[in-house]
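Visitor: below: sequence and its predicted model.
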Amino acid sequence: MPDLDAIIIGAGHNGLTCAAYLGMAGLRVRVVERRGVVGGAAVTEEFHPGFRNSTAAYTVSLLQPKIIKDLQLHARGLRIVERRAQNFLPLPDGRYLLTGEGRTEREIGKFSAKDAQRYGAYQAEVGRVADVLRALMLRAPPNLSLSSLPRSMGELGKLAAIGKRLWQADGFKAAFDLLRQSAGQMLDGWFASDPIKAVLGFDAVVGNLASPYTPGSAYVLVHHLLGEVNGKKGVWGHAIGGMGAISDAMAKAAAAHGARIDVNAAVREIIVERGRAAGVVLEGGTAIRARVVIANVNPQYLFLTLLPREAVPAAMLKRMAGWKAGSGTFRMNLALSKLPDFAALPGAGDHLTSGIILAPSLAYMDRAYRDCVAHGWSRQPIVEMLIPSVLDDSLAPPGAHVASLFCQHVTPHFADGSSWDRHRERIADLMIDTVEAYAPGFRAGIIARQSLSPLDLERIFGLPNGDIFHGALTLDQLFSARPLLGYADYRMPVPGLYLCGAGAHPGGGVTGAPGHNAAQAVIADLISK
């Protein structure tokens, strides 16, 4: 009998969540992490002397309240503060839209009185669907399998129950529409003015290499509405100390319940003996054995690199060969000597605490996507900027600030075979020029910058093709089909192997949900039976 019950590959936030729950259940757990720091993409790092920022993931909402409570994350140092405004959309003509509690309808009314009147009904309809989907995040989806009809029959009852809940919530038609519609089609049906459609539609392309008019993008929009901050649904905020504060609190929870966490411990391969996952071999050759192996890595890396090829069923090999991954994301972290001054709304104010969206219309976002497909990057890109130091002065020296730029769209791979190492700084200049057009003088305030292309995001954080979700949130890669029909319950086709990362339901974002759900499957298999 191995000394360990479970070994977890990867100390990202989902791996840490999983470790904490397993430890709470009395299981012996060890986590091995390739990098020298825990957190995966939810990490805070110094990128210039005296300047710290959330290097990859950069804002919080989707982190599940149950996980915060169960792991006692607040007691372990986590503090999340709300933005004082939710989103700021400056426009090229000098106008702006600023959304947030108590101001959204009034702001929309500057552009369309009819849209302002309809906004409440829109929020109610989308909210009904979001409430049902939110309740599904911390449970395994129906585990449907095309190859086993008897097995699937029992699971179909779970699917019917979900449909019944949507029907009772008066959200069945809306849910059906959002799964097949584009966000643009949905929003065009509700509103007439471009600014409100741009603010709402931005969520449809976050981490999604697509146009807001791509069918299925309406789901991605709703996916970003499934969170809450301090009990307020759909609100976004900041973790004081950066996103790494979430991971640090989770690591404390895991350690408090007996889990061992090793950094600088990269896994070379998963041991498979007599058809069952039995442990891992580290890069240095050290073998660690356990009753089960839990992978907090992207599914392509798991099945195409870490597992012996002969251990992977042909259906999974085929699935991973066609797995869609690539967010079209370019991330930047900036050290600033001064706050940006927007032409549309000069000076400091609540708008600087918000998500600042530089993409004035759905048509602009559509062109950005099409331009990327044709040229490799959007020559007029979509940029969201956050300035977390206005809410957290621990991130920068007195009087200085840090900014996060989440930029789209860029191609994960260039058609001519050239490397992102060749193009990175040119694209970084373009992103800064884009901000400069809305905030003259912005470039002059930049002390230092960190630029992360899709290739860098894959190299550093293991995000495949830079995909922040470990795989696109398309209909054929969602819910019961994530990562493959028949394996949506976190139990992978190799016995003793589990998936607890964003490649499992409910997908990406700093939720902790895949880690929580995978832990429940492991506990059921090792303890409950």
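Guide: In hand now; what should we look at? Numbering: from 1, shown residues only.
Visitor: hang on, Val267 packs against Leu282?
Guide: Yes - counting by CB atoms under 8 Å, Val267 does reach Leu282; the two are 6.1 Å apart. Yep, even glycine has a C-beta here, placed from its N, CA and C like the rest.
Visitor: show me what counts as buried in the lengthiest helix in the chain.
Guide: Assignment by DSSP state H gives helix 113-135 as the longest helix of the chain. Residues of helix 113-135 classed as buried by neighbour count (16 or more other CB atoms under 10 Å): 115-116, 118-119, 122-123, 125-134.
Visitor: and that helix, what other elements does it pack with?
Guide: Helices and strands touching helix 113-135, by 3 or more CB pairs under 8 Å, 6 or more residues apart in numbering; DSSP states H and E, are helix 104-109, helix 149-168, helix 172-180, helix 183-190, helix 217-223, strand 232-233.
Visitor: now do that helix against helix 183-190, angle only.
Guide: 130 degrees (axes from the mean of the first three to the mean of the last three CA atoms, to 10 degrees).
Visitor: picking up where we left off before, and the helices and strands packed on helix 113-135, which one is worst for confidence?
Guide: When those are compared by mean pLDDT, helix 149-168 comes last with a mean of 57.
Visitor: overlap in contacts of Val267 and Leu282?
Guide: Val32 (CB atoms under 8 Å, 6 or more residues apart in numbering).
Visitor: ok, those two, which is more surrounded?
Guide: Each of Val267 and Leu282 has its neighbours counted (other CB atoms under 10 Å); Val267 has more, 22 against 17.
Visitor: contact partners for the more buried one?
Guide: By CB under 8 Å, 6+ apart, the neighbours of Val267 are Ile9, Val32, Arg34, Val280, Val281, Leu282, Glu283, Leu306.
Visitor: rerun that using 7 Å as the cut-off
Guide: Ile9, Val32, Val280, Leu282, Leu306 (CB atoms under 7 Å, 6 or more residues apart in numbering).
Visitor: just Leu4 next, same as before
Guide: With CB under 7 Å, 6+ apart, Leu4 has these contacts: Arg28, Arg30, Arg289, Ala290.
Visitor: relative to Arg30, how far out is it?
Guide: 5 Å (CB to CB, to the nearest Å).
Visitor: cool, and Lys324?
Guide: 33 Å.
Visitor: more neighbours, those two?
Guide: Arg30 (19 against 14).
Visitor: and that one, which helix or strand is it part of?
Guide: strand 29-32 (DSSP states H and E).
Visitor: show residues contacting that strand.
Guide: Residues outside strand 29-32 that contact it (CB under 7 Å, 6+ apart): 4-9, 11, 15, 19, 22-23, 254, 258-262, 265, 267, 280, 282, 288.
Visitor: now the residues you listed: which count as buried?
Guide: 4-9, 11, 15, 19, 22-23, 254, 259, 261, 265, 267, 280, 282, 288.
Visitor: now render the contacts of Val267 as JSON lines, adding secondary structure.
Guide: Below are those laid out as JSON lines (DSSP: H, G, I helix; E, B strand; the rest coil):
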{"residue": "Ile9", "secondary structure": "strand"}
{"residue": "Val32", "secondary structure": "strand"}
{"residue": "Val280", "secondary structure": "strand"}
{"residue": "Leu282", "secondary structure": "strand"}
{"residue": "Leu306", "secondary structure": "helix"}
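Visitor: just give me the closest of the residues you listed to Ile357.
Guide: Set against Ile357, the nearest of the contacts of Val267 by CB to CB is Ile9 (36.0 Å).
Visitor: next, Ala277: phi, psi?
Guide: phi -70, psi 130 (degrees, to the nearest 10).
Visitor: tell me what it is bridged to.
Guide: Val272 (DSSP bridges).
Visitor: wait, it touches Leu497, no?
Guide: Yes - if you go by CB atoms under 7 Å, Ala277 and Leu497 touch, sitting 4.0 Å apart.
Visitor: shared neighbours of the two, anything?
Guide: By CB under 7 Å, 6+ apart, the residues touching both Ala277 and Leu497 are Val293.
Visitor: would you say Arg291 is within a strand?
Guide: Yes - under three-state DSSP, Arg291 falls within a strand.
Visitor: residues contacting the spatially closest residue to it that is not a sequence neighbour?
Guide: Leaving aside its sequence neighbours, Arg291 sits nearest to Asp5 (CB to CB, 6 or more residues apart in numbering; 5.0 Å). Contacts for Asp5 were tallied using CB under 7 Å, 6+ apart; they are Leu27, Arg28, Val29, Ala290, Arg291, Val292, Leu526.
Visitor: try it again with 10 Å
Guide: Shown in contact with Asp5 (CB atoms under 10 Å, 6 or more residues apart in numbering): 22-23, 25-30, 290-292, 522-523, 526-527.
Visitor: from those, list just the buried residues.
Guide: Neighbour-count burial (16+ other CB under 10 Å) applied to the contacts of Asp5 gives 22-23, 25, 27-30, 290-292, 522-523, 526.
Visitor: what's the closest of the residues you listed to Ala348?
Guide: When those are compared against Ala348 (criterion: CB to CB), the nearest one is Gly23, at 44.7 Å.
Visitor: how far away is that closest one from Arg76?
Guide: 14 Å.
Visitor: now swap in Tyr369 and tell me
Guide: Taking CB to CB, one finds Tyr369 at 41 Å from Arg76.
Visitor: more neighbours, those two?
Guide: When Tyr369 is set against Arg76 and neighbours are counted by other CB under 10 Å, the residue ahead is Tyr369, at 22 against 16.
Visitor: let me see the contact set for the more buried one.
Guide: 205, 208-214, 328, 378, 382, 408-409.
Visitor: ranges for the helices of the stretch 251-400 of the chain?
Guide: Using DSSP state H, counting those that start in this stretch, the helices found in the stretch 251-400 of the chain span residues 299-301, 314-321, 362-375.
Visitor: so which of those comes closest to Pro397?
Guide: helix 362-375 (34.6 Å).
Visitor: near the residue nearest to Leu178 when sequence neighbours are not counted, how many other residues are there?
Guide: Spatial nearest neighbour of Leu178, chain neighbours left out: Ala218 (4.0 Å); criterion: CB to CB, 6+ apart. When counting by other CB under 10 Å, one arrives at 27 neighbours for Ala218.
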